[in-house]
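kindly generate the corresponding structure for this input.
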Amino acid sequence: MESSKSHVSSSSGREDSNSDINQEETNELCPGFKDVDSFVKYGLGTVLSATKASAGLPQVGDEFDFYRSFPGFREFCESQGDKLLHCMSQLMQHHGCRSHMRDCNKLTELEERFDLVVDSNDVILERVGILLDEADGVNRSQQPIMPAGFQPPKIVVSSWNRKGSGSSSRSQTFKLLHAKNIPRPQLKFKEKVDNSNTPFVSKIFIKPNAVKPLPSYFSNKQIRKERPEDLDVPAALADFIHQQRTQEHVDDMFAHPYQYELDHFTVTEEMLSKPEPQMYGAMAETLYHFIDTLEDLVALNEKLRKSSEFAVDLEHHSYRSFLGLTCLMQISTRDEDFIIDTLELRSELYILNETFTDPAIVKVFHGADSDIEWLQRDFGLYVVNLFDTHQASRALNQARHSLDHLLKHFCSVDSDKRYQLADWRIRPLPDEMVQYARTDTHYLLYIYDCMRAQLLDFNHGQPGLLQCVWNKNKDISLKKYMKPIFTEESYQELQRKQKKSFNTQQLTAFRLVFAWRDKLARQEDESTGYVLPTHMLIKISEELPKEPQGIIACCNPVPPLVRQQVNELHLLVQQARDMPLLKAEIASQTKKGLTPIKKPEVTLFGPHDTSRVSESDIPPFSPNELPVKQGVLFSEDKYGMDVDGDETSGLVAPAKITLFQELEMKNDEGSLTLAQMKARQIAESFDNPFRMYLPITDVHINKNAKFDPSSKIFEISKKWKLQNIEQQQRELEAKRKVKAEAKERAKKAAEERKKAKQSYQESLQHIATVRQQAAESAKEGGKKRESVTSEVGESTPKLSKKAMKSAERAQTDPKPPETFKPFNYSQSDLNIFSGAKSKDNTQFDPNRQTHDSKKKKIPKGKKSNFGAGNRSMSYLAGKSDRGFRHNWPTR
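Below you'll find the predicted structure:
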């Protein structure tokens, strides 16, 4: 008994210890951590140790490259990097972010990974902030505190976004559903989107239900795509390259693949007969399938082949794609509803061509004009045997032709259009959006039956009106998708729609920015409205900002791509500002202080109004024969150019001084005044710089072509400018040559004059002067020569003007002077200079001579009787003033 008791007690003790351990395990926050503090301490220690370890790694540069050269270090780095990427992918996947860290393109690998990390950090930090606010007791849904006087923006409610409710008085407004950080579905497409500026070529390569076989050009497309030389070019361009290589005659490359089948399609009698409308089932009771795998798509195709009709609708997104994306396809039969994820099955949807082109199955659409083009563009799907309820509504003259009205009229169903502008790229789809998508096709087959019956009743049972609707539907099926092609004139269509008048600079800016927007949208696969909305494009073209900040100011809010490419956009605006302003605006004239040109309000009461003159009084003048009062430069000739006002009833008078009209001067030089002669000389010497801008006579040139930078006339005028500049350069070179030749001639003449002067001076050095010869003769005769006054040519008085001129002529004369032969005074009698009184001093005394002349007065009319000694050869007696000291001749 005791042993049994002890056994029981020991077992109970073990159970108690096990229960305590289990309680401790259940109280732990995480495996190995009791509470949050221990977990935080361990986490901080781990982060600190990781930071210290990362600081010990080789630095980026030569040190890392050195370590990288060792295979062991390189393999270790690659293995650790793969582990880190795997860990990061798991974290991103846990938080619902895109987690394909290792499935990146080699060219953009680093940028894509960095974007993924940034987006994931934003999502994680946003969630952390929300959780911290909830832990602190802050309610994120409460209304924010607004300043006094602030009025929140009012929601505009109109008929297109109001959900009508018969009983309730409140109206439910439109709800724009969108999500942040939606991954771009284009990145997952197997076949890249072709945004090239080439025509669209059909994607079809298999033609089910064919009466005329598909050309070999389309059937060999898959083989052609596998060739490596065509992988780097767009698909359409690869088609053209292949066509040039093989010289295949593919005349139907851009033709409709089912053109022949649609032309020979005939409507059966069952389609033209009056049907019994088959009531639709309740949406809650109808089966619904979401197709996102290839197996489900094949099963759907088999179901559709067994049905005689089904309804189709598409959901499209065009804001974040250049050509647009088909995001959903809704298909409804009599019993089931299907929604196909076309973003996931984009490259496999060609399977549905088997049922879409079956002429025995009716495909019911509403407003199929755009749907037909979207099916061809994205999936290569074509429709044979189409019925469009929109065309039937127009034939029945319904009040409105929208699907909302048809649902209300035939099914008494109020459609919910709150999600009409939602972003259909959202995955997974919310229940509200799924319900909205199902509504578009769930009731469409019942409406199809009702409208067929009404078309027959409207035409008194005759199938003529119904047959007309089928024919219109066949025309819709024959529509082909056309890619937007950019040309140099593409901007003109948008300009005409906006009804804006631009000058040359603004039009150039509009054209350049329009081309930049189209090019960037194709490269980034974004819509032109996302890159730069049209109203912002017009604002930039009108303002022409001088700085990049001005471009940012013209955009509110600023598009992301404009903020990134603002410098490139600014260069385009600067290029437009450098264009010559050819069109003068009245507003710009007023800003510059000029008088704006005012047009007369009533043209019949002008100063030269001839409306009240009979036609018989007006002589028949041609435009070139009208009497013209020619413009003049001076006002002196205004009286000489009068026109008889009695002979003519009108007068055409151009401006006084004109730039573009050449003056026609009279040839009669005898009747011109001095001022007119000067004006004629100025006019003849004036070379009109605007001659090249003058229009050619008898040639019609469109005025708009002159101001259009893209026209041929504008290019020709530029060529004329260049030719004029070249001609001016040639004339300047010719003038420089003439000046250089003149300088050389003047130099040569100066050198010749210098040589002649030097030779003349050298010849004078060996010739004795008069005084030297007289001194020699005096020495020879043994007599002292008296200094007497010199004869004509011996003294050195001031030369007269004539003598100075003659001397200058002798100097300037380039001819060498004749050899000088001085007069020999050695043989002359010098005693004749002594006078009659030989006893007097032989030295010449001018004072004594003047006193003698004063004592002897000579009566008038008698000649003086002085001796020869009292006379001089240069100065006459009685008239000389040499007796005064200040009048002595200079030596």
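
average pLDDT across stretch 529-543?
Mean pLDDT, stretch 529-543: 95.

actually stretch 485-495, sorry about that
pLDDT averaged over stretch 485-495 gives 92.

for stretch 564-580, same thing?
pLDDT averaged over stretch 564-580 gives 94.

which helices and strands does the helix or strand hosting L571 pack with?
Using DSSP states H and E, L571 maps to helix 566-577. Under the contact definition 3 or more CB pairs under 8 Å, 6 or more residues apart in numbering; DSSP states H and E, helix 566-577 sits against helix 504-524, helix 548-554. (C-beta placed from N, C-alpha, C; glycine too.)

in it, what's buried?
V566, L569, H570, L572, V573, A576 (16 or more other CB atoms under 10 Å).

quick one on the thing from earlier: can you redo the helices and strands packed on helix 566-577 as TSV with distance to Q773?
TSV is the format used below for the helices and strands packed on helix 566-577 (distance: least, CB to CB, whole Å):
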stretch	distance to Q773
helix 504-524	92
helix 548-554	98
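
mind putting those in TSV, mean pLDDT and distance to Y481 included?
Compiled in TSV, the helices and strands packed on helix 566-577 are given as follows (pLDDT from 0 to 100; distance: least, CB to CB, whole Å):
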stretch	mean pLDDT	distance to Y481
helix 504-524	95	17
helix 548-554	93	35
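
hmm, back to that, show me what the helix holding L571 is in contact with.
For helix 566-577, contacts defined as CB atoms under 8 Å, 6 or more residues apart in numbering pick out 505-506, 508-509, 512-513, 516, 540, 544-548, 551-552, 562.

between those, which sits nearest H442?
Of all the contacts of helix 566-577, the one with the least separation from H442 (CB to CB) is V562, at 43.0 Å.

from the contact counts, what lies against the strand or helix carrying the closest one?
Element membership of V562, judged by DSSP H and E, is helix 560-564. The contact analysis (3+ CB pairs under 8 Å, 6+ apart) places helix 560-564 against helix 528-531, helix 548-554.

using CSV, list the CA coordinates for that helix.
Extracted in CSV, the C-alpha atoms of helix 560-564 (Å, rounded to 0.1, in the frame of the first residue of the first chain):
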residue,chain,number,x,y,z
PRO,A,560,6.5,63.1,-62.1
LEU,A,561,8.2,62.8,-65.6
VAL,A,562,8.1,66.5,-66.1
ARG,A,563,10.0,67.0,-62.8
GLN,A,564,12.6,64.4,-63.9
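
what are the buried residues along that helix?
Those would be L561, V562, for helix 560-564 by 16+ other CB under 10 Å.

use 10 as the first number for this chain going forward.
Let's use 10 as the start, then, which means that last one is helix 569-573.

now, of the contacts of helix 575-586, which are buried?
Applying 16+ other CB under 10 Å to the contacts of helix 575-586 flags 514-515, 517-518, 521-522, 525, 549, 553-554, 557, 560-561, 571 as buried.

redo those residues as CSV? Include distance to V373.
Compiled in CSV, those are given as follows (distance: CB to CB, whole Å):
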residue, distance to V373
Q514, 54
Q515, 50
T517, 51
A518, 49
L521, 47
V522, 44
W525, 44
I549, 46
L553, 53
P554, 53
P557, 54
I560, 50
I561, 50
V571, 44
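
R427: which of those is nearest?
V571 (31.4 Å).

low-confidence stretches in the stretch 760-900 of the chain?
Residue ranges of the stretch 760-900 of the chain with pLDDT under 70: 790-829, 831-832, 834, 836-900.

just the pLDDT at R23, thanks.
48.

pull the number of nearby residues for Q287.
Residues near Q287, counting by other CB atoms under 10 Å, number 11.

so what pLDDT did it get?
93.

now do S19
Reported pLDDT for S19: 48.

distance between the ends of stretch 270-288?
33 Å (CA to CA, to the nearest Å).

one step back: ok, so of the buried ones among the contacts of helix 575-586, who is nearest A751?
So of the buried ones among the contacts of helix 575-586, ranked by how close each gets to A751 (CB to CB), first place is Q514, at 47.0 Å.

who's in contact with that closest one?
Per CB under 8 Å, 6+ apart, neighbours of Q514: L553, A585, R586, M588, L590.
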